[in-house]
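# Using only what follows, build the 3D model:
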Amino acid sequence: MLATLTDEQRTIRETAERFVRERVAPGYMERDGVDRIDRGLVKEMGSLGLIAPDMPEAFGGFGASGTTTGLIIEAISYGDMNVGYVQLLGSLVGGIVARNAAAHIAREWVPKVTSGEALLGLSLTEPRGGSDAANLQLSAEKTGNGYVLNGEKTGTSLADQADAIVLFARTGEKDAGARGVSAFFVPMSEPGISTTRFDDVGSKIVGRGSIFFDNVKIPADCLMGDENAGFVQVMQGFDYSRALIGLQCVAPAQASLDETWAYIQEREAFGTPLAQFQGVTFPLAEAETAVTSARQLSYLTLALRDAGAPHTTEAAMAKFAAPKASFDAIHQCLLTFGHYGWTKDLAHQQRLRDVMGLEIGDGTAQIMKLIIAREKVGRVAVQYA
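So this is what the prediction gives:
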């Protein structure tokens, strides 16, 4: 897929790579002890056109293709996959708002996202729901001129940093499943909203946590899409984000592989470079192959999307294959460095922890496999209606 890049795409990728070398990669390990994304860094990304470039020009983007957006998130994530979250959420949530929110909300907020002035989050998961994403309890009760929100969301990225969120809430009957869920645009400054932060193993600056809604009043125009149909309408954007997540994961794996290939040419054992031992090079060759395959699968998904072709199956494949291949590759790199790899002096352990989170978040491997099976054989693959 990468052999057919246009000159414009190569230029954009070079811009992103230069930004990463100079501003992102040098601070990666230090950010493991920080609990917030640097807003100054986010604004720099926005000024270079590196956040949600796929948004229309009217919203501050330049109408880039999904493939171009993938090139950017991969370049950024090579230096720090957690900074890559800014691009991921910009394209996913910014796109949801641009397509589904009231016109005045989209005009106000999406340009703030592309410029790096605002961070948007997406809040779907609930404590009792997990992978059963449509089994929502947080309620949005209709009032005369709006809705009142009550309940809890959990596992939300940027929970205590986002300026606004796309929220999924139940507006229909409790047993209506996805058919009773609506989507809302909710500024996080609304009275009655409070947050907590989790002490996660990795991706510290992303700051997952819970969000609590206590009689939060929002106007009627915060509804996105049709009432009771928001889940189906808005979730269509997740095929896109799953391919981007694939690239977000393979990038740090590639960084570890590049460092390890260089290391085994310098490090000697028994009077010869480690690169001469097949027991060292073969596992790395396998990891390089798996990561390359996951990358190509992710770009294939984006190319299908750009062409207007179905890509749900490929997106699910990318989402479960890329985090696993990347985790396994980084793990092998850590082992290749021996006891030195087992220290926090090197970035492998941090990349391992960061990538692991995306084996869970945004859809587990089991859910992705279920989607693939459903696409192949229909609802007979699903045990529930």
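# Can you show me the helices along the stretch 101-250 of the chain?
In the stretch 101-250 of the chain, the segments counted as helices under DSSP state H, counting those that start in this stretch are 103-115, 230-234, 238-266.
# Might you report the residue contacts of the nearest residue to residue 125 once chain neighbours are set aside?
Computed as Cβ to Cβ, 6 or more residues apart in numbering, the closest residue to residue 125 that is not its neighbour in sequence is residue 155, at 4.3 Å. Quick note: C-beta positions are derived from backbone N, CA and C, even for glycine. Contacts for residue 155 (Cβ atoms under 8 Å, 6 or more residues apart in numbering) come out as 125, 198, 208, 210, 361.
# can you tell me which of these are in strands?
If you go by DSSP state E, the contacts of residue 155 have residue 210 in strands.
# Buried subset of the contacts of residue 155, written for ChimeraX?
This is how ChimeraX selects the buried members of these, with burial counted by 16 or more other Cβ atoms under 10 Å:
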select :125,208,210,361
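# Kindly state the domain boundaries assigned to this structure.
Domains of the chain are assigned by automatic domain parsing as 2-118, 122-228, 234-381.
# what about the first one, average pLDDT?
By that I understand domain 2-118. Taken as a whole, domain 2-118 has a mean pLDDT of 96.
# again with stretch 248-267
Here the average pLDDT along stretch 248-267 is 98.
# now swap in stretch 202-218 and tell me
For stretch 202-218, mean pLDDT rounds to 96.
# One more: stretch 296-310?
Mean pLDDT, stretch 296-310: 97.
# avg pLDDT for stretch 355-369?
Stretch 355-369 shows a mean pLDDT of 92.
# Stretch 138-154 too?
Mean pLDDT, stretch 138-154: 94.
# so how far is it off the chain centroid?
Relative to its parent chain, stretch 138-154 has a centroid offset of 26 Å by Cα atoms, centre = their mean, to the nearest Å.
# Check the contacts of residue 155 and tell me the two furthest apart.
Distance extremes for these: the farthest pair is 210 and 361 at 14.4 Å, using Cβ to Cβ.
# So residue 373 sits against residue 367, correct?
No: with contact defined as Cβ atoms under 8 Å, residue 373 does not count as touching residue 367 (10.7 Å).
# The stretch 201-350 of the chain: strands as residue ranges?
Per DSSP state E, counting those that start in this stretch, the stretch 201-350 of the chain carries strands over the ranges 209-219, 223-224, 268-269, 272-273.
# which ones are touching residue 112?
By Cβ under 8 Å, 6+ apart, the residues touching residue 112 are 118, 163.
# oh, I was asking about residue 181
134, 136, 168, 169, 170, 171, 172, 228, 230, 231.
# With respect to burial, which of the helices of the stretch 101-250 of the chain scores highest?
Ranked by mean neighbour count under mean count of other Cβ atoms under 10 Å, the helices of the stretch 101-250 of the chain are led by helix 238-266, which reaches a mean of 23.
# Just name whatever secondary elements that helix is in contact with.
Helices and strands touching helix 238-266, by 3 or more Cβ pairs under 8 Å, 6 or more residues apart in numbering; DSSP states H and E, are helix 66-79, helix 84-100, strand 272-273, helix 278-306, helix 312-336, helix 348-356.
# Direction-wise, compare the last one with helix 312-336 and give the angle.
So that's helix 348-356. Interaxial angle of helix 348-356 relative to helix 312-336 (axes from the mean of the first three to the mean of the last three Cα atoms, to 10 degrees): 160 degrees.
# Residues in contact with helix 348-356: which ones?
Contacts of helix 348-356 with the rest of the structure, by Cβ under 8 Å, 6+ apart, involve 28-29, 32, 81-82, 201-203, 249, 252-253, 255-256, 259, 323, 326-327, 330-331, 333-334, 337, 341-344.
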